[in-house]
Structures are given as structure tokens and as C-alpha cells.
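In: My questions are about this predicted structure, shown below with the sequence.
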Amino acid sequence: MAVFGLLATALGVVGLVAPDAQLALMGFAPIPDGQRAAGDHTLMFLTASSMAAVNMGVYYVLAALADWRAFFRWTVPFRLLTFTVFTLAVVTGRAPAGFLGVGIWEGVGALATGIALRAEARKAARGGAGDEESGETSGEESAARSRAYDENTRSL
């Protein structure tokens with residue numbers, strides 16, 4: 001979660017600071033400002049999506065720092081949906097092939113998160129306690145902490 005959050009934040013900052021570089025990363029050919037057609041709102045949409053990426057990245061980092069397991073679980077189906085929509089955009093010709101990387105990043109991230117959550121749940125079900133000396137917590141302790149955090153944030 002933290003790695004994804006940091007990457008999302010960094011790529012969002014790239015889009016805000018160097019939009020042509022971000023367009024090139026996604027497989028779009030940057031158009032010099034003087035050559036943009038009237039009504040071309042590409043940079044406005046890039047600014048909006050880049051700012052959303054910065055915000056989302058920060059949310060992911062904060063959720064990781066809080067060990068907010070419910071948030072981790074919520075991301076899996078929505079990141080798979082993002083993978084599907086972005087992949088379909090490429091397949092149907094709405095986006096260039098380079099954009100497929102964004103969809104794959106979301107899909108792989110969702111699968112990795114889902115697999116990690118399932119492994120932790122299985123470990124907790126088997127009674128896998130953490131190593132108290134190393135500061136690791138058991139799956140049960142982590143789940144209890146996550147439930148308490150979830151309960152506290154419901155009132156927000």
C-alpha cells in the first residue's frame with residue numbers, strides 16, 4: 001500500500017510539474033503548447049487526474065501507516081475495475097497501447113494486495129502469532145487494531 005501510494009503521489013507530481021513527460025509515459029504524443037487546437041483541454045484533464053493521483057497516493061500512504069485493513073480490502077475490487085476500464089479503453093481504440101501499462105499497474109497491484117490480505121488472513125486463522133521481540137504483531141492483533149481504527153473513523 002505504501003509503495004503504491006508513493007508511486008501514485010510521485011507520478012501525480014510529474015503530471016503537475018511536467019505534463020508532457022507524463023503524457024509520453026502513458027504513450028501519448030505531447031503537443032507543444034503553441035500547436036494545441038482551440039478547445040484542446042488535454043492539459044486540464046491531465047492536471048485534474050494528476051491532482052487526484054497525488055491525493056489518492058497520500059490516502060494510500062496514510063492507510064498503510066495506520067494499518068487500515070478495511071481500506072486495503074476496498075481497494076482490490078475498485079483497482080480491478082480500473083484495470084478493466086483502462087484495458088477496454090486500449091482494446092476499443094479510445095487510448096493508445098502505452099496506456100495499457102496504467103491498467104496493468106492497477107491490476108497487478110490489486111492482485112498483489114488481495115493475495116497478501118488472503119495470506120495474512122490464513123496465517124491469522126492458523127494462529128500465526130507475530131514475533132514480539134521484532135515488534136511484529138499477530139494477524140489477530142492487527143485485525144483488532146484495524147477494527148478499532150475502522151470503528152473510530154466511521155464517526156468522521
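Out: Yes, it's here.

In: Quick check: residue 48 vs residue 67, distance?
Out: Distance, residue 48 to residue 67, by C-beta to C-beta, to the nearest Å: 31 Å. (C-beta placed from N, C-alpha, C; glycine too.)

In: which of the two has more neighbours?
Out: residue 67 (15 against 12; other C-beta atoms under 10 Å).

In: Phi first, then psi, for the more buried one.
Out: Main-chain torsions, residue 67, degrees, to the nearest 10: phi 50, psi 50.

In: Please enumerate the strands of the chain.
Out: Counting by DSSP state E, the chain forms no strands at all.

In: lowest-pLDDT helix or strand in it?
Out: helix 139-154 (a mean of 58; mean pLDDT, DSSP states H and E).

In: Low-confidence bits of this protein, can you list those?
Out: The model of the chain has pLDDT under 70 over residues 128-156.

In: Just give me the neighbour total for the residue lying closest to residue 30 once chain neighbours are set aside.
Out: In this structure, residue 30 finds its nearest non-sequential neighbour in residue 20, 3.7 Å apart by C-beta to C-beta, 6 or more residues apart in numbering. Residue 20 has 16 neighbours, counted by other C-beta under 10 Å.

In: Fine, thanks again, bye for now.
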